[in-house]
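**Q** I would like to see how this sequence folds:
(one chain, ligands or ions: 2)
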Amino acid sequence: MSMVAAFYSNKSILITGATGFLGKVLMEKLFRTSPQLKVIYILIRPKAGQTLQERVFQILNSKLFEKVKEICPNVHEKIRPISADLNQSDLAISKEDMQELLSGTNIVFHCAATVRFDAHLREAVQLNVIATQKLLLMASQMSKLEAFIHISTAFSNCNLKRIDEVIYPCPVEPRKIIDSMEWLDDAIIDEITPKLIGDRPNTYTYTKALGEMVIHQESGNLNVAIIRPSIVGASWQEPFPGWIDNINGPSGLIIASGKGFLRSLRATPMAIADVIPVDTVVNLTIAVGWYTAVHRPKSTLIYHSTSGNLNPCLWHDMGLKVLAAFEKIPFERAFRRPYVDFTTNNFTTQYWNAVSHWAPAIIYDFYLRLTGRKPRMLKLMNRLLRTISMLEYFINHSWEWSTNNTEMLLSELSPEDQRVSMEVRQPSHANHWLEYIENYVLGIKKYLLKEDLAGIPKAKEHLRRLRNIHYLFNTALFLIVWRLLIARSQTARNVWFLIMTCPLRQEPKSPARR
Ligand SMILES: CCCCCCCCCCCCCCCC(=O)SCCNC(=O)CCNC(=O)[C@H](O)C(C)(C)COP(=O)(O)OP(=O)(O)OC[C@H]1O[C@@H](n2cnc3c(N)ncnc32)[C@H](O)[C@@H]1OP(=O)(O)O
Ligand SMILES: NC(=O)C1=CN([C@@H]2O[C@H](COP(=O)(O)OP(=O)(O)OC[C@H]3O[C@@H](n4cnc5c(N)ncnc54)[C@H](OP(=O)(O)O)[C@@H]3O)[C@@H](O)[C@H]2O)C=CC1
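**A** Ligands and ions are numbered 1, 2, ... in the order given. Got it, this is the predicted structure:
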């Protein structure tokens with residue numbers, strides 16, 4: 001067993017956000033590599049009519065946990081769901097549960113957050129700042145606590161171009177923001193939000209920065225570390241390539257382009273697509289937990305989990321790779337053939353939105369109405385365009401993140417940890433992006449869209465049909481426009497005459513005839 005995996009044997013671990021994308025992969029990896037760990041407490045809220053147990057059951061029965069159940073058959077006994085709501089001021093944890101957490105926890109991984117870019121400031125502050133503060137308070141009372149690992153984002157300081165592994169001060173102290181949320185009403189908060197977030201694009205990045213500041217100011221003697229991943233994508237290798245289960249980040253846009261809804265995107269082709277596989281982030285997180293507990297660094301260390309500095313992939317190349325992957329792995333029942341144009345200014349964006357998004361949606365809705373069905377395409381298109389407007393900032397800027405602490409950590413790992421289980425830098429060693437993107441698209445098809453791979457030939461046939469319709473439509477359009485021109489303009493008639501006679505008069509003599 002590797003040094004890091006051995007460290008987690010017999011440990012009691014608390015994970016927040018364990019039902020989320022990152023949290024689930026973290027939990028899976030911990031169970032798979034350290035089956036001897038004592039217990040994983042997960043703070044979890046009942047949701048969508050499901051009890052806590054039902055939610056845990058659903059996670060354990062997902063494809064993600066198949067390997068774990070072989071390696072650690074009693075995994076269900078090692079997960080201890082704790083009812084909690086991080087939106088409540090007391091986190092809504094019962095006294096008995098709190099007692100158990102305070103007396104038993106060795107390591108805390110705080111992953112829970114609202115990752116919505118449009119969250120109301122009050123909601124984002126509650127989850128990303130106040131809940132972090134409460135957890136720190138809880139952690140300070142944990143008698144056996146060895147490390148507290150906070151998951152932030154590489155974009156918490158996206159108002160800067162170069163970002164180091166340090167905490168940057170916020171113009172308004174987090175405590176003041178927290179206090180003001182108690183007495184300001186929503187209307188006033190709405191009014192001051194743009195001023196507070198300043199040159200950041202949304203409340204998410206702003207409140208994640210405040211959360212870091214809270215960690216910095218209020219962690220006292222705790223052993224704390226912060227991890228800042230960039231755009232977290234599907235898994236690279238573990239537990240298998242292409243695992244993905246939500247539409248955040250690039251996944252939603254990959255679906256929209258594969259289904260033929262998304263045809264153009266305002267993006268800077270030469271900006272770096274700083275996507276990082278979820279298993280890479282999780283490997284780093286687990287290694288950081290070990291390092292923080294064992295080496296007890298004097299100050300809070302921050303670790304960037306980014307790809308751009310090691311193996312940059314530009315949005316232009318990423319786009320081409322995604323489109324190439326659709327050739328092999330097409331999605332079913334596409335609306336149009338996958339093709340995405342990157343536009344770079346407002347005018348062309350508006351033009352292509354009208355031509356490639358709204359016009360086809362209106363025509364399709366018209367067809368649905370004619371055939372007695374409910375129109376829906378325009379609504380869907382408008383939602384997609386709204387989503388794109390929220391993500392645009394991240395595909396039109398590049399950042400430079402230093403990774404000194406991450407490099408230092410890598411050098412501290414044993415060769416076995418580096419090589420086998422705790423590799424923290426994949427897929428950065430070689431140019432594996434094409435392979436990664438293909439698996440990503442395959443993962444989206446299998447795990448998000450739940451499409452059967454046996455349907456690929458039919459999906460390809462459907463795309464061929466769409467291509468023929470596209471050619472037919474363009475030819476018909478050309479002929480109609482031309483016919484109208486010929487009917488109305490003498491110049492057009494002259495050009496037509498010239499074209500028709502030109503090849504006859506200038507026909508070259510082929511060598512074969514000579
Ligand atoms: C060749 C091409 C390559 C392209 C490649 C480009 C990749 C470019 C990635 C940049 C990515 C930066 C990521 C920063 C990395 C972090 O640090 S943060 C972590 C990531 N967080 C996010 O991505 C959250 C973004 N999402 C949101 O904030 C909210 O979903 C939105 C966009 C504000 C929409 O809110 P809403 O209107 O209330 O809608 P919501 O209920 O969430 O979803 C409604 C519909 O919107 C659609 N939708 C929601 N999210 C998405 C999505 N991400 N995508 C598409 N549709 C979506 C769905 O169709 C959904 O439909 P239904 O499920 O209702 O049928
Ligand atoms: N995904 C990405 O691209 C990136 C993510 N990050 C960071 O990684 C972390 C994890 O993100 P990710 O897994 O993608 O996010 P998800 O949205 O998938 O997961 C969020 C988790 O937080 C939990 N949560 C939200 N609100 C509450 C609440 N009131 N009480 C209890 N739990 C709650 C959710 O629980 P429930 O299931 O009940 O909703 C869920 O488990 C976050 O801190 C995020 O900022 C950083 C960079 C990029």
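
**Q** Tell me which residues touch the residue positioned nearest the centre of the chain, please.
**A** Geometric centre of the chain, nearest residue: G249, 3.0 Å, by Cα atoms, centre = their mean. Residues in contact with G249 (Cβ atoms under 8 Å, 6 or more residues apart in numbering) are 231-233, 275. C-beta here means a position set from N, CA and C on the backbone, and glycine is covered the same way.

**Q** Likewise for A459?
**A** 330-334, 451.

**Q** that older thread, ok, which pair from the contacts of G249 is furthest apart?
**A** V232 and V275 (7.8 Å; Cβ to Cβ).

**Q** okay, these two: which has more neighbours?
**A** V232 (28 against 24; other Cβ atoms under 10 Å).

**Q** My reading is that that one lies in a strand. Confirm?
**A** Yes - counting by DSSP: H, G, I helix; E, B strand; the rest coil, V232 falls inside a strand.

**Q** so what's it closest to, chain neighbours aside?
**A** V278 (5.2 Å; Cβ to Cβ, 6 or more residues apart in numbering).

**Q** D164 and H304, how far apart?
**A** 9 Å (Cβ to Cβ, to the nearest Å).

**Q** For the protein, which residue gets nearest to ligand 2?
**A** At 2.0 Å from ligand 2, G20 is the closest residue in the chain, using Cβ to the nearest ligand atom.

**Q** Can you pull the phi/psi pair for that residue?
**A** Here is the backbone geometry of G20 (degrees, to the nearest 10): phi -90, psi 180.

**Q** so what's it up against?
**A** By Cβ under 8 Å, 6+ apart, G20 lies in contact with 111-112, 246.

**Q** could you redo the last one with a cut-off of 6 Å?
**A** Contacts of G20 were listed using Cβ atoms under 6 Å, 6 or more residues apart in numbering, and none were found.

**Q** What residues of the lengthiest helix in the chain count as buried?
**A** Secondary structure assigned by DSSP state H gives helix 456-488 as the longest helix of the chain. In terms of neighbour count (16 or more other Cβ atoms under 10 Å), helix 456-488 has its buried residues at 456, 459, 462-463, 466.

**Q** Format those as CSV; extra columns: pLDDT.
**A** Below are the buried residues of helix 456-488 laid out as CSV (pLDDT from 0 to 100):
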residue, pLDDT
I456, 95
A459, 95
H462, 94
L463, 93
L466, 90
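
**Q** Please identify which pair of those lies farthest apart.
**A** Of all pairs drawn from the buried residues of helix 456-488, the one with the longest distance (Cβ to Cβ) is I456 and L466, at 15.4 Å.

**Q** Secondary structure element holding the residue of the stretch 151-300 of the chain found nearest ligand 1?
**A** In the stretch 151-300 of the chain, the residue that lies nearest ligand 1 is G252 (1.8 Å; Cβ to the nearest ligand atom). Assigned by DSSP states H and E, G252 falls within helix 250-258.

**Q** how many other residues sit next to the spatially closest residue to L137 that is not a sequence neighbour?
**A** Leaving out its chain neighbours, the residue that sits closest to L137 by Cβ to Cβ, 6+ apart is E218, at 7.8 Å. When neighbours are counted by other Cβ under 10 Å, E218 registers 16.

**Q** With C158 instead?
**A** Residues near C158, counting by other Cβ under 10 Å, number 21.

**Q** what's the spacing between it and V129?
**A** 17 Å.

**Q** before we move on, what about A5?
**A** In this view, A5 and V129 are 33 Å apart by Cβ to Cβ.

**Q** now A273
**A** Applying Cβ to Cβ, the value for A273 to V129 is 29 Å.

**Q** And T207, by the same measure?
**A** 5 Å.

**Q** Help me confirm that F148 is found in a helix?
**A** No - counting by three-state DSSP, F148 falls outside a helix, being strand.

**Q** Surely it is in contact with F109?
**A** No - contact criterion Cβ atoms under 6 Å: F148 and F109 do not qualify, at 8.5 Å.

**Q** Show the contacting residues for T16.
**A** With Cβ under 6 Å, 6+ apart, T16 has these contacts: 43, 110-112.

**Q** Angles on the backbone of it, please.
**A** Dihedral angles of T16 (phi, psi; degrees, to the nearest 10) stand at phi -100, psi 150.

**Q** now do I329
**A** phi -120, psi 80.

**Q** That one contacts I444, doesn't it?
**A** No - counting by Cβ under 6 Å, I329 does not reach I444; the two are 8.9 Å apart.

**Q** Quick one: name the residues of the stretch 151-300 of the chain near ligand 2.
**A** 151, 153, 208, 229, 231-232, 246, 248-249 (Cβ under 6 Å from any ligand atom).

**Q** try it again with 8 Å
**A** 151-155, 204, 208, 228-233, 246, 248-249, 278, 281 (Cβ under 8 Å from any ligand atom).
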